[in-house]
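In: Give me coordinates for this.
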Amino acid sequence: MSVLSRVWRARGSTAATTTTTSLQTLIFLSRALSTSCENTGIDPKAKAGAAAALPLNNNNSKKKKEGKGEGKHVQWVFLGCPGVGKGTYASRLSNLLGVPHIATGDLVRDELASSGPLSSQLDEIVSQGKLVSDEIIINLLSKRLEAGEAKGEAGFILDGFPRTVRQAEILEGVTDIDLVINLKLREEALLAKCLGRRICSECGGNYNVACIDIKGENGNPGMYMGPLLPPPHCASKLITRSDDKEEVVRERLRIYNEKSRPVEEFYRRRGKLLEFDLPGGIPESWPKLLQALNLEDPEDKQSAAA
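Out: As a prediction, the model looks like this:
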């Protein structure tokens with residue numbers, strides 16, 4: 001029996017009930033793989049899962065600011081096409097709930113910048129718009145979770161993983177995902193957003209110079225997404241990601257449709273998928289996403305009161 005088979009067979013008798021146990025299994029599995037190789041359409045079960053996981057009057061943000069270090073123990077996944085905004089909304093929820101936002105895209109870019117043993121291999125994959133292999137992603141993710149566990153992190157929000165059914169099956173075998181949030185956006189807006197992305201070469205801040213204004217027609221509503229411009233001290237230091245070229249972006253979208261759409265069905269069958277159609281930019285979408293998740297943002301309420 002292969003090492004992978006033994007891992008999956010073992011989970012039937014010894015369930016991974018804690019983050020620590022799940023992490024140890026994921027680390028072991030990554031090593032084994034390395035050596036062996038509209039309006040929001042919400043599933044009622046997923047909506048109920050979100051409501052059960054989080055009380056409406058959430059205080060985790062306050063606790064975090066007070067230095068108590070008590071994040072909500074959620075284990076969530078963000079799905080969606082490249083450029084849809086997974087990082088933006090996952091990061092906001094991370095701050096609100098006091099749990100780490102783990103973006104596998106960032107893990108890949110960090111490895112690329114490190115000039116480590118995988119950097120040249122990853123550079124070729126990313127520049128061609130291809131998906132990074134399961135083995136590499138799991139290896140990078142396991143190292144990140146191991147470092148987080150050592151720091152006492154509570155829960156996580158995954159962004160960019162799983163991207164294939166095989167990855168979803170591996171993840172299901174080692175931990176219990178509470179909720180999967182699937183962000184959706186029109187393809188024409190996705191393309192414009194990807195081509196408009198910019199990064200500050202000095203501070204690493206993410207911005208977008210695209211102004212998306214889609215007129216409503218044939219009964220479909222219009223959409224406006226204003227640019228996310230940098231502060232003056234970053235404006236002259238903006239760079240474009242090497243993979244944000246039209247032909248590469250279109251190839252990423254094609255691969256996503258081919259290989260990652262089945263992941264949506266994987267979680268839909270399990271009643272964990274919450275589908276959210278972005279109605280516009282952050283001002284329009286953020287409050288509606290919070291409503292779908294049965295959450296409130298104290299800072300937004302304070303801004304409204306002011």
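
In: and K288, backbone torsions?
Out: phi -70, psi -30 (degrees, to the nearest 10).

In: Against D123, how distant is it?
Out: 38 Å (Cβ to Cβ, to the nearest Å). Every residue, glycine included, has its C-beta placed from N, CA and C.

In: So if I had to pick from these two, which one is more boxed in?
Out: Using other Cβ atoms under 10 Å as the criterion, K288 and D123 rank with K288 on top: 16 against 13.

In: Strands of this protein, start to end?
Out: Ranges of strands in the chain, per DSSP state E, are 75-79, 101-103, 156-159, 179-184, 197-200, 206-208, 212-214, 223-225, 238-239, 273-277.

In: how about the ones you listed, which one is nearest L140?
Out: strand 101-103 (9.9 Å; Cβ to Cβ).

In: packing partners for the closest one?
Out: Other helices and strands packing on strand 101-103, by 3 or more Cβ pairs under 8 Å, 6 or more residues apart in numbering; DSSP states H and E, are helix 86-97, helix 134-150, strand 156-159.

In: And those, which one averages the lowest pLDDT?
Out: Least confident of the helices and strands packed on strand 101-103, judged by mean pLDDT, is helix 134-150 with a mean of 84.

In: so how far is that helix from its chain's centroid?
Out: 15 Å (Cα atoms, centre = their mean, to the nearest Å).

In: Next, the buried residues of that helix.
Out: For helix 134-150, burial by neighbour count (16 or more other Cβ atoms under 10 Å) applies to D134, I136, I137, I138, N139, L140, L141, S142, R144, L145, G148.

In: tell me what it is packed against?
Out: Going by 3+ Cβ pairs under 8 Å, 6+ apart, helix 134-150 lies up against helix 19-36, strand 101-103, helix 104-114, helix 165-174.

In: Which one of these has the poorest average confidence?
Out: Mean pLDDT values for those show the minimum at helix 19-36, a mean of 47.

In: check contacts around the nearest residue to L122 once chain neighbours are set aside.
Out: Leaving aside its sequence neighbours, L122 sits nearest to L112 (Cβ to Cβ, 6 or more residues apart in numbering; 5.3 Å). If you count contacts by Cβ atoms under 8 Å, 6 or more residues apart in numbering, L112 has them with S119, L122, D123, V126.
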